[in-house]
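Asker: Here is the input, now give the coordinates:
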Amino acid sequence: MSFTPVIPFGGYTGWKFLAKTRAAQQEAFFTSAPQQREEAYFRERIGSIGSAEALVADRRLLSVALGAFGLGDDINNRYFVRKVLEDGTLDPDALANKLADKRYLELSKAFGFGDYAVPRTRLSDFADRILEGYRMRRFEAVIGEQNPQMRFALNAERELGAIATRSISDDAKWFNVLGSPPLREVFQVAFGLPSAFVSIDLDRQVSVLKDRARRFLGSSGVVQFADPAKVENLVRLYLLRSETRGFGAGYSASTAALTLLQNGDASGGLLSRRI
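Answerer: From the prediction side, this is the model:
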């Protein structure tokens, strides 16, 4: 029996409904026949996979592997995925280290094909760890089929706490946020930033995010998101803004970005550079 999520409302009202029913809906999804079949197939086969070539050759295994890191859209980019996996992560010139989207780095690190003589697929608890991530992200994806904003919100709720508690500088944490397309989307919408925001210098992007975080959430640091209440505040702002999103309407991308750069932004001119 397949699973169909129940989300009768959109926006923040829908989010609150999902919060109340999430445990029951997750249980129904995790125990659904299609999900159980995919998990059983992965458990049975993954221990025999010793190379990136073998993994990308099995579409069902690859689907779970990519899905566990939110990279399911790459299922047909087998050469690219194989390159990411075979390069590993230890060499600074490895492909995963050069990509802005750090989900590829986590994927390559998790499988270890390019880093170790014996890949991590041979470890006894490997299937459990990958399936834990796959299970949660698949639930988010199914929710997203009905309401994409809910999927982004669920992703933010899951990822932000982990980033907030990492032992790295605050700027590095903001770079981690910018390196995650789903998180970037949540912050851009929540903070009223145009799509052309991505075209400005990364250091300036961080400065803007810090300023907007201080203005809307009371603190400029990513560490605040170790507090679930702060994540909830961000999600609420994101969902409310999603319903009324219109920043830059009627303008070209470059015009919208220039408007942002010239509006003062309470940032002391940090965004005065033309693009």
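
Asker: where exactly do the strands run in the stretch 151-275 of the chain?
Answerer: Ranges of strands in the stretch 151-275 of the chain, per DSSP state E, counting those that start in this stretch: none exist.

Asker: What is the end-to-end distance of stretch 46-66?
Answerer: End-to-end distance for stretch 46-66: 13 Å, by CA to CA, to the nearest Å.

Asker: what sits up against that stretch?
Answerer: 38-39, 41-42, 45, 72, 74-75, 78, 81-82, 85-86, 107, 111, 113-114, 119, 121-122, 126-127, 130-131, 134 (CB atoms under 8 Å, 6 or more residues apart in numbering). C-beta coordinates here come from the backbone N, C-alpha and C atoms, glycine included.

Asker: Now restrict those residues to buried residues only.
Answerer: If you count burial by 16 or more other CB atoms under 10 Å, the buried members of those come out as 38-39, 42, 45, 72, 74, 78, 81-82, 85-86, 107, 111, 113-114, 119, 121, 126-127, 130-131, 134.

Asker: Could you report the pLDDT at Ile275?
Answerer: Ile275 is assigned a predicted lDDT (pLDDT) of 25.

Asker: rewinding a little: out of the buried ones among the contacts of stretch 46-66, list just those in helices.
Answerer: Using DSSP state H to define helices, the subset of the buried ones among the contacts of stretch 46-66 located there is 38-39, 42, 45, 78, 81-82, 85-86, 107, 111, 126-127, 130-131, 134.

Asker: Can you tell me which of these is nearest Ala172?
Answerer: Taking CB to CB as the measure, Leu107 is the one of these closest to Ala172, at 20.0 Å.

Asker: Hmm, that closest one is touching Gly72, no?
Answerer: No - using CB atoms under 8 Å, Leu107 is not in contact with Gly72; the gap is 11.5 Å.

Asker: and the most centrally placed residue in the chain, what is it in contact with?
Answerer: Against the mean C-alpha coordinate of the chain, by CA atoms, centre = their mean, the closest residue is Pro182 at 4.3 Å. Counting by CB under 8 Å, 6+ apart, Pro182 makes contact with Gly70, Arg151, Phe152, Asn155, Ala156, Glu159.

Asker: any idea how far it is from Asp125?
Answerer: To Asp125, Pro182 is 27 Å away according to CB to CB, to the nearest Å.

Asker: burial count for Arg103?
Answerer: Neighbouring residues of Arg103 were enumerated by other CB atoms under 10 Å; the total is 20.

Asker: Where does the residue lying closest to it once chain neighbours are set aside sit: helix, strand or coil?
Answerer: Closest residue to Arg103 apart from its sequence neighbours, by CB to CB, 6 or more residues apart in numbering: Phe69 at 4.8 Å. Assigned by DSSP: H, G, I helix; E, B strand; the rest coil, the conformation of Phe69 is coil.

Asker: Quick check: Phe69 touching Lys109?
Answerer: No - judged on CB under 8 Å, Phe69 makes no contact with Lys109 at a distance of 10.1 Å.

Asker: Mind checking which of those two has more residues around it?
Answerer: Phe69 (21 against 16).

Asker: List the residues that contact the more buried one.
Answerer: Applying CB under 8 Å, 6+ apart to Phe69 gives the contacts Arg103, Tyr104, Glu106, Leu107, Ala110, Gly133, Arg137.

Asker: May I ask which of those has the most neighbours?
Answerer: Counting by other CB under 10 Å, Tyr104 has the largest number of neighbours within the contacts of Phe69, with 27 neighbours.

Asker: which residues in the stretch 1-150 of the chain form strands?
Answerer: Remark: no strands are assigned in the stretch 1-150 of the chain by DSSP E, counting those that start in this stretch.

Asker: For the stretch 51-200 of the chain, which segments count as helices?
Answerer: According to DSSP state H, counting those that start in this stretch, the stretch 51-200 of the chain carries its helices in the segments 52-57, 59-67, 78-87, 95-98, 103-111, 126-146, 148-164, 170-178, 181-190.
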